[in-house]
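Chemist: Prediction below, plus the sequence it came from.
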Amino acid sequence: MMKSNPRQLKLLDVVRASGSVTVEALAEQLGVTLQTVRRDVQRLAEEGLLARFHGGVRVPSSTTENIAHQQRESLNAAGKAAIARAVARQVPNDCSLLINIGTTTEAIARELLGHQGLRVITNNLNVAAILGTNPGAEVIVAGGVVRARDGGIIGEATVDFIAQFKVDIALIGISGIESDGSLRDFDLREVRVAQTIIDHAREVWLAADHSKFHRPAMVQLATLSQIDRLFTDQPPPDPFPALLADADVQCIVAGG
């Protein structure tokens, strides 16, 4: 394994802090040329420390297994917080919500603590614990198997439970959005529940920070055509603006 120089170590820190970043942004942040960044990225990718996509790099990830919940909480935390504030501003009082598993939806739950008249159904124990402290919200927790690593509730019992409801808005997170417009995740059981959530909501709002674009995952959950609004923290890279327009998805860039 090569010994990374201080510039390359700083490059790794920048990518890990944001999840994914363009080559141009790396060159600007590091104060070096595009050629230097590309050379560093090539070496770091060969070592398995970075994964490249067209025009940029991201933290490496398996298509079969998600990174740990605690690591996901810290990954691009500022972007997730901005997304959460943007979502909360558009969630009205006195409405019903379905909220799925994910650190971004947990950030949204924290921003909903001041809302009144909410009825929330969730398969996320962390979301339930957060919103359970809001006297203006009634929280209903889905039955099923608790996944120890992140407090997600999954399985056929969860699907059957969710299917009893029809809510105003589904708030969903995702592990990856691929360039064909497919929304993807890692656990088939989690995906089945999320698909049911989508089917039982009048509107579907997707919350996904910029690191989710071009991120691969094994199981297709949905397509952009099934989404009404996308909340993200940076303008989506190509080809996603055209895909979002074709799917008639309203894209809200938090802070933008």
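Modeler: In hand now; what should we look at?
Chemist: In this protein, what helix or strand scores lowest on average pLDDT?
Modeler: helix 69-74 (a mean of 50; mean pLDDT, DSSP states H and E).
Chemist: Give me the distance between whatever helix or strand comes next after that one and the centre of its chain.
Modeler: Counting by DSSP states H and E, the next helix or strand C-terminal to helix 69-74 is helix 77-90. Its chain's C-alpha centre and that of helix 77-90 lie 12 Å apart, by CA atoms, centre = their mean, to the nearest Å.
Chemist: buried stuff in the very next helix or strand once past helix 77-90?
Modeler: Next helix or strand after helix 77-90 toward the C-terminus (DSSP H and E): strand 96-99. Residues of strand 96-99 classed as buried by neighbour count (16 or more other CB atoms under 10 Å): Ser96, Leu97, Leu98, Ile99. For the C-beta atoms, the positions are set from N, CA and C on the backbone; glycine is no exception.
Chemist: repeat for stretch 245-253
Modeler: Buried residues in stretch 245-253 (16+ other CB under 10 Å): Val249, Cys251, Ile252, Val253.
Chemist: List the ones among those residues that fall in strands.
Modeler: Among the buried residues of stretch 245-253, the ones falling in strands (DSSP state E) are Cys251, Ile252, Val253.
Chemist: got a list of what Cys251 touches?
Modeler: Arg229, Leu230, Thr232, Pro236, Pro241, Leu244 (CB atoms under 8 Å, 6 or more residues apart in numbering).
Chemist: got the angle for the helix or strand hosting Asp168 vs helix 77-90?
Modeler: Using DSSP H and E, Asp168 sits in strand 167-172. Between the axes of strand 167-172 and helix 77-90, defined by axes from the mean of the first three to the mean of the last three CA atoms, to 10 degrees, the angle is 170 degrees.
Chemist: Just list what strand 167-172 packs against, helices and strands only.
Modeler: Strand 167-172 sits against strand 96-99, helix 103-111, helix 188-199, strand 201-207, with contacts defined as 3 or more CB pairs under 8 Å, 6 or more residues apart in numbering; DSSP states H and E.
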